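Visitor: okay, sequence plus prediction incoming.
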Amino acid sequence: MRFQLASISLAFSLAFGSPLARQLAGPRPLVIWHGLGDSAHSEGMDSFVELIKGVHPGIFVHSVYISENQDDDKKAGFFGNLDDHFPLVYDQLNAIPELEGGFDAIGFSQAGQFLRAYVEIYNEPPMHNLITFGSQHMGISELPTCGTWDVFCHLLHRYARGRVYSDWAQTNLVPAQYFRDPAQLPTYYQQNHWLPRINNELPDSRNETFRKNFASLNSLVLVMFSNDTTVVPKESGWFGSYAPVEDAAWTQADPPPIIPMREQPLYKEDWIGLKALDERGAVVKMICDGPHMHIARACWEPLVQKYVGGKATMDAAQSPSLVIQPQ
């Protein structure tokens, strides 16, 4: 009788499109989030989605947006309060029936730490695997460089230069909310309202839910670009950061030393569950050759095959241009 009831329940689920039915019917869904200066349905993002569908036929892919208007969505990558953005994303993902049973995720540049924040704060529906390309998990110590015609980026620099830790910048300029100056760490802890909280760096307000949620990921894939000069330091993509310095006049030509992931207090004391993930072999650190966000197919495709869609069809080490680094 129990078997018959279970069979009836399964048949009902399959017939009426439950999350179980959707996952049995095809690859696990994917959520992607674009980087700074892009929008959810730009030509580049839509093209990448089609490439993913070529790797996993039948996969459902959702591209996160802050605004359905693409110009406004691009602007939201530069301007706004991240604490206002995340409830919008939570509601957006919860309104999509295909995601109810969970999903994998890919974050490009700043969206990598944004998706990590989603896991820590909400994780409902749950994320299985997270891939971040050139992200700033330990913040940036220089503002991103601007293209000649990138109006939003130039406005960002105009307003943030010298005032990155002002109350206005910290509630209106997105990159300022993950700016981590090694020469101003006390100010960073006091004035930056977003990244220190997401990284559980503040002893009096550490959130155990953040740690438990992040540690629940199946796999965390951290991709750093070998010639990245946009993310400073590029090792932030691997949870590395500049060591604290007293001299405020440090330059990119003579930067402080890098504190690698396993030497970070965040890791050693396991403030966000990163150590727990690493100790069970769930953290994968990789290098893609080239500058920031120049992602060759030889870089992204093995990762999409292995960590997206609930399949393990190819080992990443088989790609000749993908360098797997020791952790």
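Guide: Sure, I can see it. Residues are numbered from 1 along each chain as shown.
Visitor: what helix or strand is V304 on?
Guide: In the assignment (DSSP states H and E), V304 maps to helix 297-307.
Visitor: just checking, A76 touches I66?
Guide: Yes: with contact defined as C-beta atoms under 8 Å, A76 reaches I66; the gap is 3.8 Å. Backbone N, C-alpha and C define where each C-beta goes, glycine included.
Visitor: so those two - more neighbours on which side?
Guide: More crowded of A76 and I66, by other C-beta atoms under 10 Å: I66, with 22 against 19.
Visitor: what is the least confident helix or strand in this structure?
Guide: In the chain, the helix or strand scored least confidently by mean pLDDT, DSSP states H and E is strand 322-324, which has a mean of 31.
Visitor: what separates the helix holding V304 from the chain centre, distance-wise?
Guide: Distance of helix 297-307 from the chain centroid (C-alpha atoms, centre = their mean, to the nearest Å) equals 16 Å.
Visitor: need phi/psi at G240.
Guide: In terms of degrees, to the nearest 10, the main-chain angles of G240 are phi -100, psi 160.
Visitor: how many neighbours does it have?
Guide: G240, neighbours per other C-beta under 10 Å, totals 21.
Visitor: run through the strands of the stretch 1-150 of the chain in chain order.
Guide: Using DSSP state E, counting those that start in this stretch, the strands of the stretch 1-150 of the chain run over residues 30-33, 61-64, 103-108, 127-133.
Visitor: cool, and the stretch 201-327 of the chain?
Guide: With DSSP E, counting those that start in this stretch as the criterion, the stretch 201-327 of the chain has strands spanning 219-225, 241-242, 258-259, 283-288, 322-324.
Visitor: and the gap between the closest residue to I198 other than its chain neighbours and S166?
Guide: In this structure, I198 finds its nearest non-sequential neighbour in A117, 4.9 Å apart by C-beta to C-beta, 6 or more residues apart in numbering. To S166, A117 is 22 Å away according to C-beta to C-beta, to the nearest Å.
Visitor: do the same with H128
Guide: 39 Å.
Visitor: and these two? which has more neighbours close in?
Guide: H128 (19 against 15).
Visitor: residues contacting the more buried one?
Guide: R28, G102, F103, D104, L217, N218, S219, G310 (C-beta atoms under 8 Å, 6 or more residues apart in numbering).
Visitor: how close does it sit to G58?
Guide: With C-beta to C-beta as the criterion, H128 and G58 are 17 Å apart.
Visitor: got it, and Y118?
Guide: Distance from Y118 to G58, by C-beta to C-beta: 25 Å.
Visitor: how about G240?
Guide: Taken as C-beta to C-beta, the span from G240 to G58 is 38 Å.
Visitor: just P126 next, same as before
Guide: In terms of C-beta to C-beta, P126 sits 21 Å off from G58.
Visitor: who has more neighbours out of these two?
Guide: More crowded of P126 and G58, by other C-beta under 10 Å: P126, with 16 against 9.
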